[in-house]
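Colleague: sequence-free structure coming up:
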DNA sequence: TTAATTTAATTAATCATGTTATAATATATT
DNA sequence: AATATATTATAACATGATTAATTAAATTAA
């Protein structure tokens, strides 16, 4: 357990002030003191340090409230930059972003499967080199590299233990990239990174807890409690995709029956459509189901609504167990939000036990395609803003 | 957020030391310093305070390891006492326990249903008065009253919002008892209290996370993370009983279909038995199923094994979402552990995704009948030992 | 205008509490 | 007996929050 030291005391306060500025800028020293209950001298001295570190800057004076005008404070978004990598099952995307999540550089590559561990690492390196090459002016301001990797990740060592879609195992991502770039590297599962990015950049104020669920090729989620990712004892907390909701259901790729993923993933929706509506040999994709529904075809609308209902059941189970303040949904399947989201909400409303918890806010991510990339970036920002 | 103050620093260290003594007594000051990384003077000065507060006492000298003999420290279990109340659906039990959980007084009453809010409060008061009457020597050492109440509880106000089996609502337990006894009163849901008691008294060392599941009349659970109960945003975290595991299952009393509770509770087991094995009019209780299984009747054994398998599916969902270090099972149904527990373990082993998480330790509570009562007691001990 | 009042921020003195260094004590080993 | 080592205590020091006083700049009242 963390000892009580002077450093602890200070870094707690520093983190409180920094986050206050981040979430409420522009804000004056006096206002920070009022809101955080810290005393004015404490706020002043810490702000002074933050300004010296260039993390915070002063701007023009604010409006007076019957006395001296306050000097307003802001985060200096250009103080530092972070490299964010989204290593998905088909592509590697790579960005350079500032502290506000503004993307200043972007490159990407397709992955040619099959691929070896070495080739995969090479592609990561190549992309990051490209980003660094085109962004020389920022070089001494780069905090590190955040990698959002699909599959199972060991966070301690930054190793991808299982990357199912690439059919790779035990890729020492952190080690190889730290060797190559001499920068701090944090690796995290992609759904979890997305959750952190959502909590960081999604404009959720200081919601104490949040779960972000990615519904696409698979179904994954990340749990954020008090601004930090909750991993659980063996790093599988939030593994919602293989939650059994139908003990007699279809067999899942994991070997069990009736996992949420066998109903809700893009592939599963397509499959269900085929069974219900088309001849067995017919092929249809999730995307096409959405388009047909969008064009007003009620049979396809029903399929999507049913999907929403089932996702709602899964989320009700999640609410009953984790009871987060907010749930944020993302991923390809949520492109059909028009049909799916209302049913999800309705199902939760009907099924959640406690009247208070029925209010759990369920929304679709506003970060769109870049949610995971920004999540990768936030893997490093958390260390800067919440070092405790 | 908690500010960084000198008090914080100190209470963090105090709590570290107190818990170290609690979990490792007898232990010397020097050993505490080594184990906790605190410096010897810090340990000495805090221990001095703890001895002055009578929370800690010195005993005889320990064995020398080549130098001065260490003076060993212990928790002074008789320094304080706590009243613990288990307000179940049929009875009210009430104990006085010391800091080690040793029960020194015990009384209980049957509840005659129907009952009013006023009558219920009266019975609580009556029981607590009895306990206090027979334990006068301890009076000035009583820390407070912990109440484990079945149903939905608002922890802030200490109000029982819904007590389904008594058919009562909005009972202001905390307020009424604080008025009557002028002692601190903490109220908590019974399954959660049991979880805290298990983590406190169950000999789990310092497992970082634990879920205790009560399977009896209903199915409930409590989640303990870092020694503290995790409540979630609206106090329903751990509500495992109404987790849907069969979207096409039987209708549950909550209105949904296929909740875990419709398979695993004592009543549900009896019902399933009737459907499978007996004529419709036949009545059999969960207890009888166990006895018949115990006597070697394979049909009944199968029913219990099936129950174990289903509970295993529910727990697998829980592991995937919360991923606790340990799961502890209690409640009436676990009397059939001989038949149920192996199947639970087997199911988890088969279904959990990550090899590491398959190792999640699943055990039956060692606290037995008193788990919930000791949980009620621990509601106050947490404040004493972990004030941060 | 000028003086009084209010709000903002800084400075200096103080206090709480952990850390470092040293001393005191008791025991085991040689 | 001499030396080394473990345990605990004490004194001097360092860190960083807090309190109180001070300066600064604006608004409001006279």
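Modeller: Everything's here; your move. Keep in mind that this is a model prediction, so the values were computed, not measured. Numbering: from 1, shown residues only, chains lettered A, B, ... in the order given.

Colleague: report the closest residue of the stretch 51-200 of chain A relative to DNA strand D.
Modeller: Residue nearest to DNA strand D within the stretch 51-200 of chain A (C-beta to the nearest atom of the strand): residue A:68, separated by 3.4 Å. Where you see a C-beta, it was placed from the backbone N, CA and C, and this is true even at glycine.

Colleague: give me the element that residue is part of.
Modeller: In this structure, residue A:68 sits in neither a helix nor a strand according to DSSP states H and E.

Colleague: contact partners for it?
Modeller: With C-beta atoms under 8 Å, 6 or more residues apart in numbering or on different chains as the criterion, no residue contacts residue A:68.

Colleague: distance of it from residue A:61?
Modeller: 9 Å (C-beta to C-beta, to the nearest Å).

Colleague: could you do residue A:143 as well?
Modeller: Distance of residue A:143 to residue A:61, given as C-beta to C-beta: 31 Å.

Colleague: the more surrounded of those two?
Modeller: Here residue A:143 and residue A:61 are compared on neighbour count by other C-beta atoms under 10 Å in any protein chain shown; more neighbours surround residue A:143, at 18 against 12.

Colleague: which residues touch the more buried one?
Modeller: A:80, A:81, A:82, A:183, A:184, A:380, A:381, A:384.

Colleague: give me the nearest residue to whichever residue of the stretch 151-300 of chain A sits closest to DNA strand C, chain neighbours excluded.
Modeller: Nearest residue of the stretch 151-300 of chain A to DNA strand C (C-beta to the nearest atom of the strand) works out as residue A:206 at 21.5 Å. Nearest residue to residue A:206 in three dimensions, chain neighbours excluded: residue A:23, at 6.3 Å (C-beta to C-beta, 6 or more residues apart in numbering or on different chains).

Colleague: in which helix or strand would I find that neighbour?
Modeller: Using DSSP H and E, residue A:23 maps to helix A:6-24.

Colleague: mean confidence score for the helix or strand just after that helix?
Modeller: Sequence-wise, the next helix or strand downstream of helix A:6-24 (DSSP H and E) is strand A:27-28. The average pLDDT for strand A:27-28 rounds to 94.

Colleague: partner strands of strand A:27-28, with direction?
Modeller: strand A:71-75 (antiparallel) (DSSP bridges).

Colleague: what helices or strands is whichever helix or strand comes after the partner strand leaning on?
Modeller: Helices and strands here follow DSSP H and E; after strand A:71-75, the next one along the chain is strand A:81-87. Applying 3 or more C-beta pairs under 8 Å, 6 or more residues apart in numbering or on different chains; DSSP states H and E, we find strand A:81-87 packed against strand A:91-98, helix A:117-133, strand A:142-149, helix A:190-201, helix A:371-385.

Colleague: now do strand A:81-87: everything it contacts.
Modeller: Against strand A:81-87 from outside (C-beta under 8 Å, 6+ apart): A:92-99, A:104, A:120, A:124, A:127-128, A:131-132, A:135, A:138, A:141-150, A:173, A:183, A:190, A:193, A:372-377, A:380-381.

Colleague: and with 6 Å instead?
Modeller: A:93-98, A:128, A:131, A:138, A:141-143, A:145-149, A:372-373, A:376-377, A:380 (C-beta atoms under 6 Å, 6 or more residues apart in numbering or on different chains).

Colleague: can you give the strand pairings for that strand, parallel or anti for each?
Modeller: By DSSP bridges, strand A:81-87 pairs with strand A:91-98 (antiparallel), strand A:142-149 (parallel).

Colleague: quick one: average confidence on the first one?
Modeller: To tie it back to what came earlier, the one meant is strand A:91-98. Rounded mean pLDDT across strand A:91-98 is 95.

Colleague: list the buried ones in that strand?
Modeller: A:92, A:93, A:94, A:95, A:96, A:97, A:98 (16 or more other C-beta atoms under 10 Å in any protein chain shown).

Colleague: count of neighbours near the residue lying closest to residue A:196 once chain neighbours are set aside?
Modeller: Nearest in space to residue A:196, with sequence neighbours left out and distances taken as C-beta to C-beta, 6+ apart, is residue A:378 at 4.8 Å. Counted by other C-beta under 10 Å, the residues lying close to residue A:378 total 30.

Colleague: likewise residue A:308?
Modeller: Residue A:308 is flanked by 23 other residues according to other C-beta under 10 Å.

Colleague: that one contacts residue A:337, doesn't it?
Modeller: No - using C-beta atoms under 6 Å, residue A:308 makes no contact with residue A:337, being 9.0 Å away.

Colleague: before we move on, the earlier item: got the contacts of residue A:143 as CSV, with neighbour count and pLDDT columns?
Modeller: Shown next, in CSV, are the contacts of residue A:143 (neighbours: other C-beta atoms under 10 Å in any protein chain shown; pLDDT from 0 to 100):
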residue, neighbour count, pLDDT
A:80, 20, 95
A:81, 27, 96
A:82, 27, 96
A:183, 16, 95
A:184, 17, 96
A:380, 24, 96
A:381, 24, 95
A:384, 18, 91
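
Colleague: from these, which single one is nearest residue B:274?
Modeller: Minimum distance to residue B:274 across the contacts of residue A:143 is 58.5 Å, recorded for residue A:381 (C-beta to C-beta).

Colleague: please report the distance of the residue of the stretch 51-200 of chain A closest to DNA strand D from chain B.
Modeller: 26 Å (C-beta to the nearest C-beta, to the nearest Å).

Colleague: can you check residue A:256 too?
Modeller: Taken as C-beta to the nearest C-beta, the span from residue A:256 to chain B is 5 Å.

Colleague: correct me, but that residue touches residue B:351?
Modeller: Yes - in this structure, residue A:256 is within contact of residue B:351 by C-beta under 6 Å, at 5.1 Å.

Colleague: secondary structure element for residue A:54?
Modeller: Using DSSP H and E, no helix or strand contains residue A:54.

Colleague: low pLDDT regions in chain A?
Modeller: A:278-282 (pLDDT under 70).

Colleague: who in it is up against chain B?
Modeller: Residues of chain A lying close to chain B by C-beta under 6 Å from any C-beta of the partner chain are A:1, A:3-4, A:9, A:12-13, A:16, A:38, A:209, A:232-234, A:236-237, A:239, A:242-247, A:256, A:313, A:317, A:320-323, A:325, A:351, A:353-354, A:356-357.

Colleague: okay, and which of those residues map to helices?
Modeller: A:9, A:12, A:13, A:16, A:313, A:317, A:320, A:321, A:322, A:351 (DSSP state H).

Colleague: that concludes my questions; thank you for your assistance.
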